[in-house]
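Asks: Take a look and give me a structure for this.
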Amino acid sequence: MSADMKRLYWGYFGHFNPTFKKAVKFFSGSYTKSSIFQSLTALLMVGSFLCFLVVMGCSYFFMLPSTEKVVDSDNRNRDSISISNSNSSRSSDFLNKGCNVFDGKWVIDETYPLYNASQCPFMERGFDCLGNGRKDQGYLKWRWKPQNCEIPRFDVGAVLEFLRGKRVVFVGDSLSRTQWESMVCMLMNGVKDKSSVYEINGNEITKQIRHLGVVFGPFNFTVEFYRSVFLVQPGLVPRHSPKRVKAALKLDQLDDISGEWIDSDVLVFNSGHWWTPTKLFDMGWYFQIGGKMKLGMSINNAFRVALATWQSWVESSVNPNRTRVFFRTFESTHWISGTRQNCKVTIRPTHDVKGRQTSSISDAIINVVKNVPINVRLLHVTKMGAFRSDAHVGPWSDNPTVPDCSHWCLPGVPDMWNELLFSFLLSE
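Replies: Model (predicted):
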């Protein structure tokens with residue numbers, strides 16, 4: 001009881017003290033009949049005092065904080081925090097807050113990497129930088145953090161359960177294959193029986209195979225990759241074409257294997273690294289529309305036409321009630337010269353992105369995605385990669401004589417692409 005409360009009680013008790021003495025005399029027979037009136041008065045005052053005690057007692061217990069209630073409240077708070085944390089990977093608040101998850105920075109996180117490359121049999125040797133002799137490991141410890149929100153932590157158990165019975169398909173170039181390998185290795189960490197995860201046709205992971213698929217037996221789902229570097233259909237050279245034309249790229253026809261992409265639950269596209277003069281014009285590749293060669297068409301215009309063909313295919317062939325479609329933007333490279341002969345991998349991420357945070361390829365992808373009438377989610381990773389001059393394969397590939405500042409080491413940057421992908425999937 002507080003000091004103020006005690007003073008209040010004893011103040012009132014002192015006020016009623018004479019009345020107590022009169023009451024004692026009355027009940028002990030010390031009072032005569034002539035003092036009955038005074039006795040009745042005393043009884044009334046005693047009754048008032050008893051009522052006062054009851055009221056003050058009730059108020060005391062009412063005003064005193066209940067330890068049990070405080071503990072219960074704390075427990076409820078802890079439970080709500082626990083529930084919030086356990087659901088964070090399944091319901092991403094950052095989407096509801098309108099946060100741009102692609103605007104942020106890389107921060108050091110000692111809980112990374114998410115897997116060990118040497119323990120993943122589906123890791124292409126060319127992307128295993130540590131296995132190929134890289135000594136520094138700081139590049140493995142970076143996590144992408146958006147400016148105004150948090151990306152939910154990767155929960156392999158939740159993702160495996162979400163993918164149960166589904167089919168995930170990646171379509172694109174070798175950067176798409178890198179993301180595919182990253183996802184397979186991330187998910188394998190949650191599977192106890194590693195032998196229950198296998199390639200559909202028993203193939204080894206190589207650059208040449210056009211279709212690769214890994215089955216996760218205990219969960220009955222597959223993660224597949226289809227190599228389609230342009231997304232549209234390569235073709236033979238039309239008759240009477242100039243001698244410099246060695247192959248035609250049919251911009252108005254999607255790749256002839258596109259029918260195999262349709263029956264999927266998650267469909268992830270990328271393209272861009274082959275849309276360069278060295279990959280096209282220098283190799284004799286030119287553009288064709290409606291059976292006619294377009295020899296004067298620029299690469300940027302051709303890419304926009306190809307994307308329009310992709311958009312038409314998505315609208316007519318993809319079932320939006322089943323398939324969640326994603327398109328990843330151009331991934332930044334860090335070649336020092338335009339000839340792709342000089343590649344210097346840094347120890348830490350760079351602060352000087354030198355314009356790599358933007359790309360005409362990415363701009364074209366952004367424009368087409370926002371005009372697709374069905375829901376297509378953009379994975380705008382261009383700026384993220386612009387900082388990571390430390391994370392490329394460099395000389396630590398399966399062919400060290402050929403430097404590589406286009407592809408990424410695994411574990412590495414593509415893991416973050418997949419963390420974003422999983423966050424979107426689990427939140428929608």
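
Asks: hang on, His211 packs against Ile205?
Replies: No. Between His211 and Ile205 there is no contact under CB atoms under 8 Å: 11.9 Å. Heads up, the C-betas are built off the backbone N, CA and C, glycines and all.

Asks: low-scoring pLDDT stretches of the stretch 201-350 of the chain, where are they?
Replies: Low-confidence segments of the stretch 201-350 of the chain (pLDDT under 70): 338-340.

Asks: try 90
Replies: Within the stretch 201-350 of the chain, the stretches with pLDDT under 90 are 203-208, 238-240, 332, 335-344.

Asks: just the stretch 1-150 of the chain next, same as before
Replies: 1-99, 148.

Asks: Try it again at 50.
Replies: 1-16, 18-37, 55, 58-92 (pLDDT under 50).

Asks: Settle it for me: which of His211 and Ile205 has more neighbours?
Replies: Ile205 (21 against 14; other CB atoms under 10 Å).

Asks: okay, now the closest residue to the more buried one other than its chain neighbours: neighbour count?
Replies: In space, and not counting its chain neighbours, Ile205 is closest to Glu124: 4.9 Å by CB to CB, 6 or more residues apart in numbering. When counting by other CB under 10 Å, one arrives at 21 neighbours for Glu124.

Asks: hang on, isn't Glu124 packed against Asn203?
Replies: No. Counting by CB under 8 Å, Glu124 sits too far from Asn203 to count as a contact (12.0 Å).

Asks: hang on, Val245 packs against Phe287?
Replies: No. Look at Val245 against Phe287 with CB under 8 Å: they stay out of range, at 10.0 Å.

Asks: which neighbours do these two share?
Replies: Both Val245 and Phe287 are contacted by Met293, Leu295, under the criterion CB atoms under 8 Å, 6 or more residues apart in numbering.

Asks: Which one of the two is surrounded by more residues?
Replies: Phe287 (24 against 16).

Asks: Which strand residues bridge the more buried one?
Replies: Leu249, Lys294 (DSSP bridges).

Asks: Show the contacting residues for it.
Replies: By CB under 8 Å, 6+ apart, the neighbours of Phe287 are Ala248, Leu249, Leu251, Met293, Lys294, Leu295, Met297, Ala302, Val305.

Asks: which one of the residues you listed sits closest to Ile366?
Replies: Nearest to Ile366 among these, counting by CB to CB, is Val305 at 16.5 Å.

Asks: does the closest one really touch Leu251, like I thought?
Replies: Yes. At 4.3 Å, Val305 counts as touching Leu251 under the criterion of CB under 8 Å.

Asks: These two: who's more crowded?
Replies: Leu251 (25 against 17).

Asks: What is the burial count for Asn301?
Replies: There are 14 residues near Asn301, going by other CB under 10 Å.

Asks: Kindly report the same for Ile262.
Replies: 14.

Asks: Wait, it touches Ser316, no?
Replies: No. Between Ile262 and Ser316 there is no contact under CB under 8 Å: 10.3 Å.

Asks: Check the secondary structure at the most centrally placed residue in the chain for me.
Replies: With distances taken as CA atoms, centre = their mean, Leu420 lies nearest the centre of the chain, 2.7 Å away. Classification of Leu420 by DSSP: H, G, I helix; E, B strand; the rest coil places it in helix.

Asks: Just the residues contacting stretch 246-262, thanks.
Replies: 169, 171, 210-211, 226, 228, 230-238, 241, 267, 280, 283-290, 293-294, 302, 305-306, 309-310, 313, 317-319, 323.

Asks: what about 7 Å?
Replies: Stretch 246-262 has contacts (CB atoms under 7 Å, 6 or more residues apart in numbering) with 169, 171, 226, 228, 230-238, 267, 283-290, 293, 302, 305-306, 309-310, 313, 317-318.

Asks: tell me the contacts of His211?
Replies: Residues in contact with His211 (CB under 7 Å, 6+ apart) are Glu224, Tyr226.

Asks: Now Gly190: phi and psi?
Replies: The phi/psi pair for Gly190 (degrees, to the nearest 10) reads phi -100, psi 0.

Asks: what's near enough to touch the nearest residue to it once chain neighbours are set aside?
Replies: Distance criterion CB to CB, 6+ apart; nearest residue to Gly190, sequence neighbours excluded, is Val156 at 3.5 Å. By CB under 7 Å, 6+ apart, the residues touching Val156 are Met186, Leu187, Asn189, Gly190.

Asks: Of all these, the one with the weakest confidence?
Replies: Among the contacts of Val156, Asn189 carries the weakest pLDDT, at 93.

Asks: thought that one was touching Pro113?
Replies: No. Here Asn189 does not reach Pro113: they are 10.4 Å apart, not a contact under CB atoms under 7 Å.

Asks: out of those two, which sits in the busier spot?
Replies: Higher neighbour count among Asn189 and Pro113: Pro113, with 20 against 16, using other CB under 10 Å.

Asks: How about that one, nearest residue that isn't a chain neighbour?
Replies: Pro113 sits nearest to Pro411 (CB to CB, 6+ apart), 3.6 Å away.

Asks: What are the neighbouring residues in contact with Val191?
Replies: Val197, Phe216, Pro218.

Asks: let's see 8 Å
Replies: Per CB under 8 Å, 6+ apart, neighbours of Val191: Leu160, Val197, Phe216, Pro218, Phe219.

Asks: Confirm the fourth one sits in a strand?
Replies: Pointing back at Pro218 there. No. Using three-state DSSP, the assignment for Pro218 is helix, not a strand.

Asks: how many other residues sit next to it?
Replies: Around Pro218 there are 14 residues (other CB under 10 Å).

Asks: is it true that it touches Gly190?
Replies: No. Applying CB under 8 Å as the test, Pro218 and Gly190 come out as separate, 9.7 Å apart.

Asks: any idea whether Ala306 is helix, strand or coil?
Replies: Classified using three-state DSSP, Ala306 is helix.

Asks: what does Thr222 give?
Replies: Thr222 is classified as strand under three-state DSSP.

Asks: measure it to Leu160 for me?
Replies: Taking CB to CB, to the nearest Å as the criterion, Thr222 is separated from Leu160 by 13 Å.

Asks: list residues touching both of those two?
Replies: Common neighbours of Thr222 and Leu160 (CB under 8 Å, 6+ apart) are Phe216.

Asks: who touches the residue nearest to Ile205 in this structure?
Replies: Counting by CB under 8 Å, 6+ apart, Glu124 makes contact with Arg177, Thr178, Glu181, Ile205, Thr206, Lys207, Leu410.
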